[in-house]
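Participant: Provided below for reference: sequence and predicted model.
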Amino acid sequence: MKASKLLMPTLREAPAEAEIASHVLMMRAGLISKLAAGVYSYLPLGLRVLQNTERIIREEMNKAGAQELLMSALLPAECYQKSGRWDRFGDDMFRLKDRNSRDFCLGPTHEEIFTQTVIDSVHSYKDYPYTLYQIQTKYRDERRPRFGVMRTREFLMKDAYSFDISREGLDESYKAMYDAYRKTFDRMGLNYMIVDADTGAMGGSGSQEFMVISDVGEDTIAYCEDCRYSANIEKAVCITGEADNSEMLPMNKVATPDAKTIEEVAAFFGKEAKDFVKTMIYNAEGKLYAVLVRGDREINEVKLANKLGVGEVALADPADVVEVTNAKVGFAGPVGLKIDIVADNEVMKMRNFIVGANETDCHIENVNPERDFTAAIVDDIRNIEDGDICPVCGKQIKTAQGIEVGHIFKLGTKYSEALGLNYVDEKGEENPVIMGCYGIGINRCVAAIIEQNNDEAGIIWPMDVAPYKAVVVPVNVKDETQLSLAEKITKELEDAGVEVIIDDRDERPGVKFKDWDLIGIPVRITVGKKASEGIVEYKLRAEKEYTDMTAEDAVKTALSLIKK
Ligand SMILES: [Zn+2]
């Protein structure tokens with residue numbers, strides 16, 4: 001490929017909205033261009049990276065025995081009405097009508113279609129198991145598309161489903177995907193962690209996420225360096241410390257007129273946030289609950305929803321809060337409340353804490369759970385934090401931010417029961433098929449690779465995903481000796497099957513080097529003044545130093561690295 005012919009609109013500056021390295025570098029290196037919020041085109045170099053990422057996934061899926069198919073992105077409403085998700089998806093779903101006013105959507109996910117495909121195609125229990133996958137475009141009308149291709153409204157996904165007739169079969173299918181995912185992300189050069197994930201209120205027996213460790217990750221991971229325990233924040237188990245056994249003091253209502261924030265109230269009492277218990281009024285699918293955690297903790301809404309057996313919870317409307325507490329928002333407390341109380345485990349071990357008094361500008365001190373209120377539910381409903389106790393070995397938990405690139409999930413019979421995917425066993429009895437689902441966000445993999453592989457000059461692609469593996473740079477294209485040696489090297493690499501660029505542009509060498517460092521081509525062979533002696537400079541993008549060697553050695557060295 002000649003650089004002079006390559007569409008590569010590199011930029012000196014990224015647009016101001018690009019906040020993270022991968023977004024900045026994808027824009028600057030000319031890999032993508034933006035059409036609308038969360039909607040991007042992949043330009044030639046970007047598309048090559050995307051296709052290489054796809055190829056790795058496809059190869060590992062095929063090796064694991066999964067079969068590829070391809071489903072439409074345009075889906076009739078009936079597909080989702082049967083499972084109830086036509087309504088549940090809400091505004092996240094792109095909806096449209098055809099010329100006959102029939103409802104359609106652009107598929108946000110394909111569980112229903114995979115299930116229906118197996119209903120239509122498989123008839124005997126003897127045919128199972130199957131693992132099917134596709135690499136296909138999904139659409140979700142994200143409320144906040146951001147971070148370049150990390151969170152977009154159109155994205156490529158590899159989604160796979162396994163169909164088994166026994167729990168053991170599901171375990172095997174799941175394990176095969178687990179192993180394939182490890183190979184996939186290893187080949188992408190990613191540093192990742194496999195964490196236990198939440199399976200939701202609907203059940204499912206196991207779930208793990210593949211998290212790329214990165215400060216820009218939107219997910220929090222809890223892990224232990226001593227015993228290798230790791231889980232995402234929805235799943236991580238919080239262990240409660242020793243109970244406080246100090247003497248219960250008499251309860252006392254205190255006027256706190258000018259204190260609004262928890263800091264101001266704490267200062268008023270001369271205490272810290274951890275001496276308080278926060279009471280938050282939540283709405284769980286129409287029912288109100290008072291939810292209690294220690295003053296310096298955060299409620300985990302996924303844990304809370306799971307414990308309440310609902311799909312989702314949200315903070316109650318201010319009007320509801322005023323009605324149940326008879327006070328302005330900010331003064332809720334458990335004493336005397338008429339709605340059910342959900343308390344975090346830790347709250348039950350505290351003594352003599354401070355709460356809102358259900359009266360504007362008032363708090364109560366010396367509240368004790370065993371004496372002053374009754375909790376309907378006591379459970380683990382808070383976020384784990386740095387320094388928490390590891391639930392496995394008792395040492396200290398650490399937390400990190402992660403980018404979720406893959407997710408594997410033992411679905412069980414949720415979709416097969418909802419949609420009627422059954423098999424008839426040897427006794428003639430009908431049973432639901434047991435399913436697993438396995439996703440990889442492909443665009444997000446590209447962004448994650450960049451987040452973990454860059455420096456101040458640009459991207460440093462791992463070989464397997466690099467858009468081109470090598471670039472040959474004649475320093476002066478008007479020098480016949482340099483140009484012809486550069487062309488010879490390029491041809492030899494091309495003939496050996498290497499994707500290579502020759503930079504035939506009439507530019508200063510500094511400009512050329514800057515572009516290739518920004519784009520991140522792994523191998524650079526520079527042909528300069530020593531061309532007459534057959535000597536070139538060989539340099540790797542990942543290293544600072546270059547080496548003088550003969551053109552033959554440069555080709556050989558490059559081939560041994562690229563063809564590994
Ligand atoms: Zn541990």
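Facilitator: Noted; the coordinates are in hand. Numbering: from 1, shown residues only.

Participant: Tell me the residues of the stretch 101-250 of the chain that contact the ion?
Facilitator: Residues of the stretch 101-250 of the chain found near the ion (CB under 5 Å from the ion) are 224, 226, 227, 229. Bear in mind the C-beta positions are built from the backbone N, C-alpha and C, glycine included.

Participant: Would you mind confirming that residue 322 makes contact with residue 332?
Facilitator: No. In this structure residue 322 lies outside contact range of residue 332 using CB atoms under 8 Å: 9.9 Å.

Participant: so what's residue 111 up against?
Facilitator: By CB atoms under 8 Å, 6 or more residues apart in numbering, residue 111 lies in contact with 83, 161, 411, 415, 437.

Participant: bridging residues for the last one?
Facilitator: In this entry, residue 437 is beta-bridged to residue 161, residue 409, by DSSP bridges.

Participant: With the ion as the reference, measure out to it.
Facilitator: According to CB to the ion, to the nearest Å, residue 437 and the ion sit 29 Å apart.

Participant: so that residue makes contact with residue 159?
Facilitator: Yes. Using CB under 8 Å, residue 437 makes contact with residue 159 at a distance of 7.0 Å.

Participant: so who does residue 57 touch?
Facilitator: 135, 158, 184, 440, 442.

Participant: In three-state terms, label the residue found closest to it once you drop the neighbours it is linked to in the chain for me.
Facilitator: Closest residue to residue 57 apart from its sequence neighbours, by CB to CB, 6 or more residues apart in numbering: residue 158 at 5.0 Å. Put simply, residue 158 is strand when judged by DSSP: H, G, I helix; E, B strand; the rest coil.

Participant: what's the burial count for residue 158?
Facilitator: 24 (other CB atoms under 10 Å).

Participant: quick one, what contacts it?
Facilitator: 54, 57, 58, 61, 133, 134, 135, 439, 440, 442.

Participant: Quick check: residue 467 touching residue 516?
Facilitator: No. Using CB under 8 Å, residue 467 is not in contact with residue 516; the gap is 11.1 Å.

Participant: what residues does the stretch 251-400 of the chain put near the ion?
Facilitator: Residues of the stretch 251-400 of the chain lying near the ion (CB under 5 Å from the ion): 390, 392, 393, 395.

Participant: I'd like to know how many residues surround the last one.
Facilitator: Residue 395 sits with 13 neighbouring residues when counted by other CB under 10 Å.

Participant: Wait, it touches residue 223, no?
Facilitator: No. Assessed by CB under 8 Å, residue 395 is found out of contact with residue 223, at 11.1 Å.

Participant: if we take the contacts of residue 57, which one ends up nearest to the ion?
Facilitator: Taking CB to the ion as the measure, the ion lies nearest residue 184 of the contacts of residue 57, at 27.4 Å.

Participant: Could you report the neighbour count for that closest one?
Facilitator: Residue 184 - counted by other CB under 10 Å - has 26 other residues nearby.

Participant: SS state for it?
Facilitator: helix.

Participant: now swap in residue 62 and tell me
Facilitator: helix.

Participant: likewise residue 547?
Facilitator: strand.

Participant: pLDDT score for it?
Facilitator: pLDDT for residue 547: 96.

Participant: For the nearest residue in space to it that is not next to it in sequence, which residues are in contact?
Facilitator: By the measure of CB to CB, 6+ apart, the closest residue to residue 547 outside its immediate chain neighbours is residue 538, 5.0 Å from it. Counting by CB under 8 Å, 6+ apart, residue 538 makes contact with 523, 524, 525, 546, 547, 548, 549, 553, 554, 557, 558.

Participant: can you rerun that using 10 Å?
Facilitator: 470, 523-526, 545-551, 553-555, 557-558 (CB atoms under 10 Å, 6 or more residues apart in numbering).

Participant: any common contacting residues for residue 467 and residue 516?
Facilitator: By CB under 10 Å, 6+ apart, the residues touching both residue 467 and residue 516 are residue 501.

Participant: Okay, helices next: where are they in the stretch 51-200 of the chain?
Facilitator: 78-81, 85-88, 111-121, 167-187 (DSSP state H, counting those that start in this stretch).

Participant: Mind checking which of the residues of the stretch 251-400 of the chain next to the ion are buried?
Facilitator: Buried members of those, scored by 16 or more other CB atoms under 10 Å, are residue 390.

Participant: still on that earlier bit, can you list residues touching both of residue 395 and residue 223?
Facilitator: Joint contacts of residue 395 and residue 223 (CB under 10 Å, 6+ apart) are residue 229.

Participant: Which residues are in contact with the residue sitting nearest the centre point of the chain?
Facilitator: Centrality entry for the chain: nearest residue to the mean C-alpha point is residue 404, 2.2 Å, by CA atoms, centre = their mean. Neighbour list for residue 404: 192, 195, 197, 209-212, 217-219, 221, 232, 439-441, 444, 448 [criterion: CB under 10 Å, 6+ apart].

Participant: So residue 10 belongs to a strand, correct?
Facilitator: No. Counting by three-state DSSP, residue 10 is not part of a strand but coil.

Participant: how many other residues sit next to it?
Facilitator: Applying other CB under 10 Å, we find 17 residues neighbouring residue 10.

Participant: And for residue 4?
Facilitator: Neighbours around residue 4, by other CB under 10 Å: 12.

Participant: which SS class is it?
Facilitator: For residue 4, the assignment made with three-state DSSP gives helix.

Participant: Where does the prediction get shaky in the chain?
Facilitator: Residue ranges of the chain with pLDDT under 70: 200-205.

Participant: Quick one: mark the members of the contacts of residue 538 that sit in strands.
Facilitator: Judged by DSSP state E, these include 470, 523, 524, 525, 526, 546, 547, 548, 549, 550 as members of strands.

Participant: Identify the residues contacting the first one.
Facilitator: When the contact criterion is CB under 10 Å, 6+ apart, the partners of residue 470 are 489-490, 493-494, 498-502, 516, 521-525, 538, 554-555, 558-559, 561-562.

Participant: where does residue 303 fall, phi/psi-wise?
Facilitator: phi -60, psi -40 (degrees, to the nearest 10).
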